[in-house]
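S.K.: Structural data only, the sequence is not supplied:
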């Protein structure tokens, strides 16, 4: 079962991500979130080069992360992301960190991204071409169903 708008990246937690508490450091989650957001954008046709050509970019307004379970070195995780809505100048992006071994959600997060005109350095309206490239997934349950079914 796959769902339009969902994007997944599977990776192994590296030893370098582990902190003094013996599990993945909180800052690593932020880095992984940014990496998967960029990969999702690339997959939807909005690459770094396209943003540069259109003189636009995204900046982060806020992050919210709920850490539910720790991740450890060597574990295989699937990081799922999707766009939860598109407003005039901003968009919430959601994330689920899923551990393959026991099929558990380790963390869930939301980042509010603001669309920026790089020449003016100010927010601008999100163009229709960008809106059309990113199907909205309004319900986290849709993402969980896809993960549990192994379709993503």
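M.R.: Received the coordinates, thanks. No experiment lies behind these values; they were computed from the predicted model shown.

S.K.: what about the protein, any weak spots by pLDDT?
M.R.: 1-3 (pLDDT under 70).

S.K.: what's the longest helix in it?
M.R.: With residue count as the measure and DSSP state H as the assignment, the chain has helix 26-43 as its longest helix.

S.K.: Only the buried residues of that helix, if you could.
M.R.: Of the residues in helix 26-43, those buried by neighbour count under the rule 16 or more other Cβ atoms under 10 Å are 28, 29, 32, 33, 36, 37, 40, 41. Where you see a C-beta, it was placed from the backbone N, CA and C, and this is true even at glycine.

S.K.: got TSV for those, with distance to residue 6 too?
M.R.: As requested, these are arranged in TSV below (distance: Cβ to Cβ, whole Å):
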residue	distance to residue 6
28	22
29	19
32	16
33	15
36	11
37	13
40	9
41	14
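
S.K.: any idea how far residue 39 is from residue 55?
M.R.: Taken as Cβ to Cβ, to the nearest Å, the spacing of residue 39 relative to residue 55 amounts to 22 Å.

S.K.: before we move on, the earlier item: out of the buried residues of helix 26-43, flag the one nearest to residue 62.
M.R.: Distance from residue 62 was checked for each of the buried residues of helix 26-43 by Cβ to Cβ. The minimum falls on residue 33, at 12.4 Å.

S.K.: Provide the secondary structure category for the residue nearest to the closest one when sequence neighbours are not counted.
M.R.: Nearest residue to residue 33, sequence neighbours excluded (Cβ to Cβ, 6 or more residues apart in numbering): residue 95, at 5.3 Å. Using DSSP: H, G, I helix; E, B strand; the rest coil as the criterion, the local structure at residue 95 reads strand.

S.K.: next structured bit after the lengthiest strand in the chain?
M.R.: Taking DSSP state E as the assignment, the strand of the chain that covers the most residues is strand 104-117. Following strand 104-117 in sequence order, the next helix or strand is strand 122-123 (DSSP states H and E).
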